[in-house]
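Trainee: model the following, please.
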Amino acid sequence: MAEHLKITESTAKTHVAAVPNKLNVHSRAQAALYTSDFHQNKSSKH
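Mentor: Numbering: from 1, shown residues only. Take a look at the predicted model:
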């Protein structure tokens, strides 16, 4: 992911670690479920 975004691995890890806090969840797994639910709800409204 870092190479694709042209950032260092350390920077990518920092951003990934911040995601759960930004979404007010406790883990990366919960963040993944949150975003999956968000996208399902968003697409079902169209």
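Trainee: now for the longest helix seen in the chain, which elements pack on it?
Mentor: As assigned by DSSP state H, the longest helix anywhere in the chain is helix 28-44. Counting contacts by 3 or more C-beta pairs under 8 Å, 6 or more residues apart in numbering; DSSP states H and E, helix 28-44 packs against helix 9-22. In short, each C-beta sits where N, CA and C put it, glycine included.
Trainee: next, the contact list for the closest residue to T8 other than its chain neighbours, please.
Mentor: Using C-beta to C-beta, 6 or more residues apart in numbering and skipping the chain neighbours, the partner closest in space to T8 is A2 (6.1 Å). Shown in contact with A2 (C-beta atoms under 8 Å, 6 or more residues apart in numbering): 8-9, 11-12.
Trainee: neighbour-wise, which one of these leads?
Mentor: A12 (15 neighbours; other C-beta atoms under 10 Å).
Trainee: what's the spacing between the residue most central in space within the chain and S44?
Mentor: Taking C-alpha atoms, centre = their mean, the centroid of the chain lies closest to V19, which sits 5.2 Å from it. Taking C-beta to C-beta, to the nearest Å as the measure, V19 falls 24 Å from S44.
Trainee: next one: N24
Mentor: Counting by C-beta to C-beta, the gap from N24 to S44 is 23 Å.
Trainee: can you check S36 too?
Mentor: Distance, S36 to S44, using C-beta to C-beta: 13 Å.
Trainee: and these two? which has more neighbours close in?
Mentor: S36 (10 against 7).
Trainee: report pLDDT for that one.
Mentor: You'll see S36 listed with a pLDDT of 91.
Trainee: please apply the same query to K45.
Mentor: pLDDT, read off for K45, is 68.
Trainee: go through stretch 23-38 and flag the buried ones.
Mentor: 25, 31 (16 or more other C-beta atoms under 10 Å).
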